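Visitor: Got a sequence here, can you build the structure:
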Amino acid sequence: MEKRIVRLIIGKTGGNASRSAVNYKISLPSKWIKQMQMGDSPVELSFDGERIIISPVKTMEQFIREGLSKKHTLVKLEYYSGKNLCTEICADYTDKVISHKDHTESFLLKAFGNNNNPDWNDYLDFLQERCIPKNRAGLPYYLDAIGAAEYEPLKIIARTQGKMAEDNFRLRWEKLK
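Guide: Numbers count the residues shown, from 1 in each chain. Next comes the predicted model:
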């Protein structure tokens, strides 16, 4: 592992920030960036409380290939408004992480709205939003009518396509192998 000691570049922020507000930057070796094939593509920053990790953002295709190569359980969903594909989502049920790709600029049509970095909990919330509410009166009768043994959002979506009476959205999903 190659290591380098670098200094933080500290700068004052502008705009609406307070007078004492600052931001921090570092300069990364171009050799490392080229080796990681990052160029001008987006990067993901992760913080575990002690370390900051910089990783290239994986395309959905890379995310799927990697998950399948590790024999993870993957589910791919397509979120439509009418006939228009708005968002693709791939959920890795083994690592409990997701990848998504929006096909629209309108946050009103995106599966996660303005949230450009949804996590596993956002995904689970999204699934529940596409199902009958868990506390709805008569839920057992509804589940029986659609042939679901219990309240499991993905199984409900499999039977209802995630259609709700109040909008024009629907979901198509498949388990990837």
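
Visitor: so which helix or strand takes in the residue lying farthest from the centre of the chain?
Guide: In the chain, the residue that sits farthest from the middle, by CA atoms, centre = their mean, is residue 19; the gap is 34.9 Å. Element membership for residue 19, per DSSP states H and E: none, as it lies in no helix or strand.

Visitor: again with the one 4 residues further on
Guide: Applying DSSP H and E as the criterion places residue 23 in strand 22-25.

Visitor: For the helix or strand following that strand, which residues meet the burial criterion?
Guide: Per DSSP H and E, the first helix or strand lying C-terminal to strand 22-25 is helix 30-35. By 16 or more other CB atoms under 10 Å, the buried positions in helix 30-35 come out as residue 33. In short, each C-beta sits where N, CA and C put it, glycine included.

Visitor: who are the neighbours in contact with the residue nearest the centre of the chain?
Guide: In the chain, the C-alpha closest to the average C-alpha coordinate belongs to residue 118, at a distance of 4.0 Å (CA atoms, centre = their mean). By CB atoms under 8 Å, 6 or more residues apart in numbering, the residues touching residue 118 are 98, 100, 112, 126.

Visitor: confidence score at the residue farthest from the centre of the chain?
Guide: Per-residue confidence (pLDDT) for residue 19: 81.

Visitor: go on, residue 145?
Guide: In this model, residue 145 carries a pLDDT of 92.

Visitor: Then residue 174?
Guide: Looking at residue 174, its pLDDT reads 94.

Visitor: Next, count neighbours for the nearest residue to it once chain neighbours are set aside.
Guide: Of all residues not flanking residue 174 in the chain, residue 76 sits nearest, at 5.5 Å (CB to CB, 6 or more residues apart in numbering). Residues lying near residue 76 (other CB atoms under 10 Å) number 16.
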